[in-house]
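> Sharing a model that was predicted from the sequence below.
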Amino acid sequence: MILLKFMNYEPNSNYLMLFPIKRISSENFGKISVPVFKRRKELKNKIKFLRVLLFSVIWIAVIQLQIIPQSLLDPNAKVEEIASGLQQAEGPVWKDGLGLLFSDIMGNKIYKWTSENGKELYLNPSDSTNGLTYDAQGRLIACQMELRRIVRFEKNGSETSLAGQYEGKKFNSPNDLVVKSDGSIFFTDPNFNIPLGQHQELSFC
């Protein structure tokens, strides 16, 4: 009778060869099953991953507990209509010293609103602008659905087309956008609201 325990074990190896502790008759010795290999590195990585995952879940929970009770609005605030007569209002953006700008897509205009003067026409036509934002230099950047592009309005009144196609194909219908602190622009480009008479060129949206 033969008793096998741990064999071929190397402390610096990534593998641990385990034999089951059991009695084996001499005539069946050659029929021992293949050892079970366990990768110690994989086990360590899994443990590390689970620790990171647990920490992330706890951290998110803590953040949520701090954010949820808070509100950007005064709980006693009342909803007030500041402008009417619009066909499809979108893309509101505020700038100190100027006021609130917003698009009227179907009306093909951009309006400005201030508490002193109310709603005023800011740009006509706007080529169906939708989302509006500002870059770090305070220049207005917009999604122009009619021209299927991202445009920047310069301070001298001119327009600069920043992007209108990808790999030689026109955008679908730029919808909304945001400018990162480093100047990068991220925007959405859904396949609805493509101008009449034109077709979708990009196979994704």
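All right, it came through fine. Residues are numbered from 1 along each chain as shown.
> okay, CA-based contacts and neighbour counts for the rest of this
Fine.
> just the helices in this protein please.
Taking DSSP state H as the test, the helices found in the chain are 40-67.
> need the helix or strand of it with the lowest average pLDDT.
Ranked by mean pLDDT, DSSP states H and E, the weakest helix or strand in the chain is strand 2-3, scoring a mean of 38.
> Test my guess that residue 86 contacts residue 107.
Yes - using CA atoms under 8 Å as the test, residue 86 is close enough to residue 107 to be in contact (7.2 Å).
> Between those two, which is the more surrounded one?
Comparing residue 86 with residue 107 by other CA atoms under 10 Å, the one with more neighbours is residue 107, at 18 against 14.
> give me every residue that touches the closest residue to the more buried one other than its chain neighbours.
The shortest distance from residue 107 to any non-neighbouring residue, by CA to CA, 6 or more residues apart in numbering, is to residue 87 (5.9 Å). For residue 87, the contact set (CA atoms under 8 Å, 6 or more residues apart in numbering) comprises 104-107.
> so where's the chain shaky on pLDDT?
1-40, 62-72, 205 (pLDDT under 70).
> 90 instead?
1-79, 192-193, 203-205 (pLDDT under 90).
> beta partners for residue 170?
Judged by DSSP bridges, the bridge partners of residue 170 are residue 165.
> And for it, the neighbour number?
Residue 170: 17 neighbours (other CA under 10 Å).
> likewise residue 105?
23.
> shared neighbours, residue 86 and residue 107?
Joint contacts of residue 86 and residue 107 (CA under 8 Å, 6+ apart) do not exist.
> Pull the contacting residues for the residue most central in space within the chain.
Geometric centre of the chain, nearest residue: residue 186, 8.8 Å, by CA atoms, centre = their mean. Shown in contact with residue 186 (CA under 8 Å, 6+ apart): 177-180.
> and it, bridged to which residues?
With DSSP bridges as the rule, residue 186 is bridged to residue 178.
> Quick check: the gap between it and residue 178.
5 Å (CA to CA, to the nearest Å).
> cool, and residue 74?
Taken as CA to CA, the span from residue 74 to residue 178 is 26 Å.
> Which one's more surrounded, these two?
The residue with more neighbours, out of residue 74 and residue 178, is residue 178; 18 against 7, by other CA under 10 Å.
> my guess is the more buried one meets residue 143, correct?
No - between residue 178 and residue 143 there is no contact under CA under 8 Å: 10.3 Å.
> how far away is residue 94 from residue 102?
9 Å.
> same question but for residue 54, I mixed them up
With CA to CA as the criterion, residue 54 and residue 102 are 43 Å apart.
> So for those two, which residue has more residues nearby?
Between residue 54 and residue 102, residue 102 has the larger neighbour count (other CA under 10 Å), namely 22 against 11.
> From residue 182, how far off is the closest residue to the more buried one other than its chain neighbours?
Leaving aside its sequence neighbours, residue 102 sits nearest to residue 92 (CA to CA, 6+ apart; 4.2 Å). From residue 92 across to residue 182, the span is 22 Å (CA to CA).
> Neighbour count: the two, which is higher?
Comparing residue 92 with residue 182 by neighbour count (other CA under 10 Å), the higher total belongs to residue 92, at 18 against 8.
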